[in-house]
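Chemist: Here is my input; please provide its structure:
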Amino acid sequence: MESKLDEKDRELLNLLQSHAKWTNKQFATALGLSNTAVYERIKRLERQGIIMEYVALLDAKKIGRPFVVWCQVRLAQHMQQNVREFEKAIAELSEIRECYHVSGDYDYILRIQVKDLEAYRSFLVEKLTNIDGIGNTHSSFVIQEVKHSTAQLL
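Modeler: Model (predicted):
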């Protein structure tokens with residue numbers, strides 16, 4: 001069920017996504033609200049699950065994981081147990097930053113971040129292809145990141 005958001009909620013959410021370290025006073029000034037009103041809105045949005053969590057975005061190059069791979073995975077069989085086991089195994093691999101169950105020629109798309117091509121090969125051979133139920137994979141390597149945003153503007 002979609003929550004009702006008024007214009008100030010939308011403005012606040014947009015600001016939070018780009019200025020998460022601002023104080024309530026800074027948000028209040030930008031929105032023309034009181035500190036208390038901003039605090040109450042944030043708490044309500046958290047309770048409603050609209051604000052799910054707060055995170056720090058890291059520079060992949062500076063933490064040694066600049067190599068991005070999009071890997072498509074096809075399962076050998078589409079049985080409920082295979083799907084569950086695959087998804088459980090994927091959730092445990094820190095190299096996999098995102099996983100989507102999709103329609104089309106492949107069953108899953110994975111965004112993987114590692115140090116370099118050699119690290120990806122090692123990950124593929126030693127971890128990913130050791131997961132039972134995988135039929136085949138197809139990898140695409142990112143040449144240049146053109147756009148990346150974590151914000152969901154309202």
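
Chemist: Residues touching stretch 14-22, excluding its own?
Modeler: 26, 27, 30, 31, 42, 51, 54, 150, 151, 152, 153, 154 (Cβ atoms under 8 Å, 6 or more residues apart in numbering). (Each C-beta comes from the backbone N, C-alpha and C, glycine too.)

Chemist: now the residue nearest to the spatial centre of the chain, nearest residue through space, not along the chain?
Modeler: Residue closest to the mean C-alpha point of the chain, counted by Cα atoms, centre = their mean, is residue 98 at 5.5 Å. Once flanking residues are discounted, residue 98 sits nearest to residue 111: 4.1 Å by Cβ to Cβ, 6 or more residues apart in numbering.

Chemist: what pairs with the helix or strand where that neighbour lies, and is each one parallel or antiparallel?
Modeler: In this assignment (DSSP states H and E), residue 111 forms part of strand 108-114. Sheet partners assigned to strand 108-114 using DSSP bridges are listed as strand 67-75 (antiparallel), strand 96-101 (antiparallel).

Chemist: CA atoms of the helix or strand that comes right after it as CSV?
Modeler: Next in sequence after strand 108-114, counting helices and strands by DSSP H and E, comes helix 117-126. The C-alpha atoms that make up helix 117-126 are tabulated as CSV, following Å, rounded to 0.1, in the frame of the first residue of the first chain:
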residue,chain,number,x,y,z
LEU,A,117,39.5,-8.8,-13.9
GLU,A,118,41.7,-11.4,-12.1
ALA,A,119,39.7,-11.0,-8.9
TYR,A,120,36.5,-11.4,-10.9
ARG,A,121,37.8,-14.6,-12.6
SER,A,122,38.7,-16.0,-9.1
PHE,A,123,35.2,-15.0,-7.8
LEU,A,124,33.5,-16.6,-10.8
VAL,A,125,35.5,-19.9,-10.6
GLU,A,126,35.7,-20.3,-6.9
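
Chemist: Could you pull out the buried residues of helix 117-126?
Modeler: By 16 or more other Cβ atoms under 10 Å, the buried positions in helix 117-126 come out as 119, 120, 123, 124.

Chemist: just checking, next helix/strand downstream of that helix?
Modeler: strand 134-141.

Chemist: Name the strands paired with that following strand and say parallel or antiparallel.
Modeler: Strand 134-141 is paired, per DSSP bridges, with strand 67-75 (antiparallel).
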